[in-house]
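K.L.:
sequence plus predicted model, see below.
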Protein chains: 2
Amino acid sequence: MSTLTRKQREIAERERLILAVARGMLAERGYLGLNMDRIAEAVEYSKGTVYQHFASKEDLLATLYTDTARQRAAMFKRAASFNGKPRERVAAIGVADQLFVALNPDHFAVENILDVSDVFAKVSEERRNVFIHVKTAMMDVLMGIVRDAVDAGDLSLPDDAPLCQPLYGMWTQSLGHHKLAGQRRMPPFAGIDLEDALWRNYTIMLDGYQWAPLSSEWDYERTIERIRQEVFADEWARLHDRLA
Amino acid sequence: MSTLTRKQREIAERERLILAVARGMLAERGYLGLNMDRIAEAVEYSKGTVYQHFASKEDLLATLYTDTARQRAAMFKRAASFNGKPRERVAAIGVADQLFVALNPDHFAVENILDVSDVFAKVSEERRNVFIHVKTAMMDVLMGIVRDAVDAGDLSLPDDAPLCQPLYGMWTQSLGHHKLAGQRRMPPFAGIDLEDALWRNYTIMLDGYQWAPLSSEWDYERTIERIRQEVFADEWARLHDRLA
DNA sequence: CGGAATTCTTGACGATCCGTCAATTGTTGA
DNA sequence: TCAACAATTGACGGATCGTCAAGAATTCCG
């Protein structure tokens, strides 16, 4: 039993190794530079053994993605539970997103690859469900904040707008931002601080929604400082370590 | 000479055929279902002949992309020259974008593929320049509108915000929207009208910028109607034909 | 402890696809 | 008509994915 457990640990360890090597290879040489033979060689196991862990290249990529996606979802959840007004909690989500990307710079590149290589068609049912579960869990967290804001009277949506409309505005901006910021070559918007621009646009949009308290009536810089200290002290430190 | 011209026309015609077939194949079977052998078979020429037209698969994909990108840039240019206030011209850009996507539903899917397969590394210098030229031309058009708005006193940017900041907000939203709307499977935001949500968020954001005239002081629905009739009558009709 | 049963590991192999190029077919011009 | 040139072909080499029979290692049990 003890030996079996040792074996199982070895296998788990090897899986981590494969994933780490694959991640590095992907970051360094891109999607086309990533191949199973090279991975097998790098981890010093045969290809067959690698295929013992992952049913296909897409399966491996999907694992790479879900690993960080889970981390992102967890950070979002923690952000949403920040002790403050709903709009402050939205800011916390923004901080979470920013930190997450800084710590996992190639997450969205992997996401792109998954889109392109139509992973859903090749990945096991089970992993597909993890995908959907993580995504919907994140959405629910965000929707919860909007609902709280409406309930608290901080936000009243115009006309017949659905609850998720302001969310859609932030989500799309985030997506677009990550796409632009993650590109190696980037002719448009060269020379401006994209992170800063994103933040300012969030603020202006939420002010446009009249989501109280407005940026003119509240010190959100202070809020962000608090979030970094109270919620993401660990990540904030890790980020600084990495930069140093 | 006449014969030579005929030959040249044949070649040009064949190139169009190849591109059309490739586009259809891409739409139908995705990136992984697109391969040069199959294209050659479908157009009933040998692979060697296909390679006479395109140096590589990436070269073909890049051509597919630049063809529609050029069209998009042209539509943006026409939109920007709409006879109206700067903010109306922004709306015209929105209409242009909406029409363009409706007419070229897989444009952004191709863009994604280009990102992933690192086309810049494999495509000729000349095509690379076309890329950059089209992108920067579009940016210049948009920046021109913002500048006009500032000059006309319709818009004053807060603090030390750069001229392109509102642009960044709209650009990223557009990118994110196209990404979400273009996905086959889409758990989040299912059931809401994404097009409508995008438009409303644009409006709220520009209102947030205090870009005059505000949506409360101007009938932008009327403006959009005018744009469709005056600038994009042709595309509007084509779209309706296709739907019918 | 010893050998059968089970599990793990390997790398050669078939299949697919990209891009090339020598050979073939077609066209032009004298 | 035929030599020179151009266009076309598809077999081929190389790269990569994923498989699987054979061999190695480990566990189980009398």
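P.N.:
Looks like it came in fine. Residues are numbered from 1 along each chain as shown, chains lettered A, B, ... in the order given.

K.L.:
and A:Gly153, what pLDDT?
P.N.:
Looking at A:Gly153, its pLDDT stands at 97.

K.L.:
residues contacting A:Glu58?
P.N.:
With contact taken as C-beta atoms under 8 Å, 6 or more residues apart in numbering or on different chains, A:Glu58 is in contact with A:Leu114, A:Ser117, A:Val119, A:Lys122, A:Val123. Any C-beta I mention is one placed from the backbone N, CA and C, and that applies to glycine too.

K.L.:
now do A:Met138
P.N.:
Each residue near A:Met138 by C-beta under 8 Å, 6+ apart is listed here: A:Arg72, A:Ala73, A:Phe76.

K.L.:
average model confidence for the helix or strand hosting A:Ile93?
P.N.:
Using DSSP states H and E, A:Ile93 falls within helix A:86-103. In this model, helix A:86-103 has a mean pLDDT of 97.

K.L.:
again, but for stretch A:181-200
P.N.:
85.

K.L.:
can you give the contact residues for it?
P.N.:
Counting by C-beta under 8 Å, 6+ apart, A:94, A:98, A:101, A:105-106, A:108-109, A:173-174, A:177, A:180, B:115, B:120, B:132, B:135-136, B:139, B:158, B:161-162, B:164-165, B:168-169, B:171-172 sit against stretch A:181-200.

K.L.:
over to stretch A:20-40?
P.N.:
A:18, A:42-43, A:46-47, A:49-51, A:57, A:60-61, A:64, A:105-106, A:109-110, A:113, B:116-118.

K.L.:
and DNA strand C, which of those residues reach it?
P.N.:
Among the contacts of stretch A:20-40, proximity to DNA strand C is found for A:Ser46, A:Lys47, A:Thr49, A:Tyr51 (C-beta under 7 Å from any atom of the strand).

K.L.:
let me know the secondary structure of the closest residue to the third one other than its chain neighbours.
P.N.:
Distance criterion C-beta to C-beta, 6 or more residues apart in numbering or on different chains; nearest residue to A:Thr49, sequence neighbours excluded, is A:Ala40 at 7.3 Å. Using DSSP: H, G, I helix; E, B strand; the rest coil as the criterion, the local structure at A:Ala40 reads helix.

K.L.:
of the ones next to DNA strand C among the contacts of stretch A:20-40, which are in range of DNA strand D?
P.N.:
Applying C-beta under 7 Å from any atom of the strand to these, those adjacent to DNA strand D are A:Lys47, A:Tyr51.

K.L.:
picking that back up, which of the contacts of stretch A:20-40 are buried?
P.N.:
A:18, A:43, A:50, A:57, A:60-61, A:64, A:106, A:109-110, A:113, B:116-118 (16 or more other C-beta atoms under 10 Å in any protein chain shown).

K.L.:
pull out the buried positions in stretch A:76-95.
P.N.:
Buried residues in stretch A:76-95 (16+ other C-beta under 10 Å): A:76, A:78-80, A:82, A:85-95.

K.L.:
coming back round to it: of the contacts of stretch A:181-200, keep whichever come out buried.
P.N.:
A:94, A:98, A:101, A:106, A:108-109, A:173-174, A:177, A:180, B:115, B:120, B:139, B:161-162, B:164-165, B:168-169, B:171-172.

K.L.:
low-confidence ranges in chain A?
P.N.:
A:1-7, A:186-187 (pLDDT under 70).

K.L.:
show me what contacts the residue most central in space within it?
P.N.:
Nearest residue to the geometric centre of chain A (C-alpha atoms, centre = their mean): A:Arg72, 4.1 Å. Neighbouring residues of A:Arg72 by C-beta under 8 Å, 6+ apart: A:Ala96, A:Asp97, A:Phe100, A:Asn104, A:His107, A:Met138.

K.L.:
helix or strand for the residue of chain A found nearest DNA strand C, which one?
P.N.:
Using C-beta to the nearest atom of the strand, the single residue of chain A nearest to DNA strand C is A:Gly48, 2.1 Å away. Assigned by DSSP H and E, A:Gly48 belongs to helix A:47-53.

K.L.:
what about that helix, distance to the chain center?
P.N.:
28 Å (C-alpha atoms, centre = their mean, to the nearest Å).

K.L.:
also stretch A:83-101?
P.N.:
13 Å.

K.L.:
for stretch A:61-69, same thing?
P.N.:
With C-alpha atoms, centre = their mean, you get 10 Å for stretch A:61-69.

K.L.:
one more: stretch A:167-183?
P.N.:
For stretch A:167-183, the distance to the chain centre is 11 Å (C-alpha atoms, centre = their mean).

K.L.:
how about A:Lys47: what's its closest non-neighbour residue?
P.N.:
A:Ala40 (4.3 Å).

K.L.:
how much space separates the one you found from A:Arg222?
P.N.:
52 Å (C-beta to C-beta, to the nearest Å).

K.L.:
got a markdown table for the contacts of A:Glu58, with secondary structure too?
P.N.:
Putting the contacts of A:Glu58 into a markdown table (three-state DSSP) gives the following:
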| residue | secondary structure |
| --- | --- |
| A:Leu114 | helix |
| A:Ser117 | coil |
| A:Val119 | helix |
| A:Lys122 | coil |
| A:Val123 | coil |
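
K.L.:
let's have these in a markdown table, adding distance to chain B.
P.N.:
Output for the contacts of A:Glu58, formatted as a markdown table (distance: C-beta to the nearest C-beta, whole Å):
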| residue | distance to chain B |
| --- | --- |
| A:Leu114 | 10 |
| A:Ser117 | 6 |
| A:Val119 | 10 |
| A:Lys122 | 9 |
| A:Val123 | 12 |
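
K.L.:
closest one to DNA strand D out of the residues you listed, please.
P.N.:
A:Lys122 (6.7 Å).

K.L.:
once you drop chain neighbours, what's closest to that closest one?
P.N.:
Nearest to A:Lys122 is A:Glu58, by C-beta to C-beta, 6+ apart, at 4.3 Å.

K.L.:
how near is the one you found to DNA strand D?
P.N.:
As for A:Glu58, its distance to DNA strand D is 6 Å (criterion: C-beta to the nearest atom of the strand, to the nearest Å).

K.L.:
name the helix or strand for that residue, please.
P.N.:
Short version, using DSSP H and E: A:Glu58 is in helix A:57-80.

K.L.:
and that helix with helix A:86-103, angle?
P.N.:
140 degrees (axes from the mean of the first three to the mean of the last three C-alpha atoms, to 10 degrees).

K.L.:
can you give the distance of helix A:57-80 from its chain's centre?
P.N.:
For helix A:57-80, the distance to the chain centre is 7 Å (C-alpha atoms, centre = their mean).

K.L.:
return that helix as PDB; C-alpha atoms alone will do.
P.N.:
What follows is helix A:57-80 as a C-alpha-only set of coordinates in PDB (Å, rounded to 0.1, in the frame of the first residue of the first chain):
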ATOM      1  CA  LYS A  57      -1.900  17.100 -27.400                       C
ATOM      2  CA  GLU A  58      -5.200  19.000 -27.100                       C
ATOM      3  CA  ASP A  59      -5.900  17.200 -23.800                       C
ATOM      4  CA  LEU A  60      -2.600  18.400 -22.500                       C
ATOM      5  CA  LEU A  61      -3.300  21.900 -23.600                       C
ATOM      6  CA  ALA A  62      -6.800  21.800 -22.000                       C
ATOM      7  CA  THR A  63      -5.200  20.700 -18.800                       C
ATOM      8  CA  LEU A  64      -2.700  23.600 -19.000                       C
ATOM      9  CA  TYR A  65      -5.600  25.900 -19.400                       C
ATOM     10  CA  THR A  66      -7.900  24.600 -16.700                       C
ATOM     11  CA  ASP A  67      -5.100  24.600 -14.200                       C
ATOM     12  CA  THR A  68      -4.700  28.400 -14.500                       C
ATOM     13  CA  ALA A  69      -8.400  28.900 -15.200                       C
ATOM     14  CA  ARG A  70      -9.200  27.300 -11.800                       C
ATOM     15  CA  GLN A  71      -6.600  29.600 -10.200                       C
ATOM     16  CA  ARG A  72      -8.300  32.600 -11.800                       C
ATOM     17  CA  ALA A  73     -11.700  31.500 -10.600                       C
ATOM     18  CA  ALA A  74     -10.400  31.100  -7.100                       C
ATOM     19  CA  MET A  75      -8.900  34.600  -7.200                       C
ATOM     20  CA  PHE A  76     -12.100  36.100  -8.500                       C
ATOM     21  CA  LYS A  77     -14.100  34.300  -5.700                       C
ATOM     22  CA  ARG A  78     -11.700  35.700  -3.100                       C
ATOM     23  CA  ALA A  79     -12.000  39.200  -4.700                       C
ATOM     24  CA  ALA A  80     -15.800  39.000  -4.600                       C
END
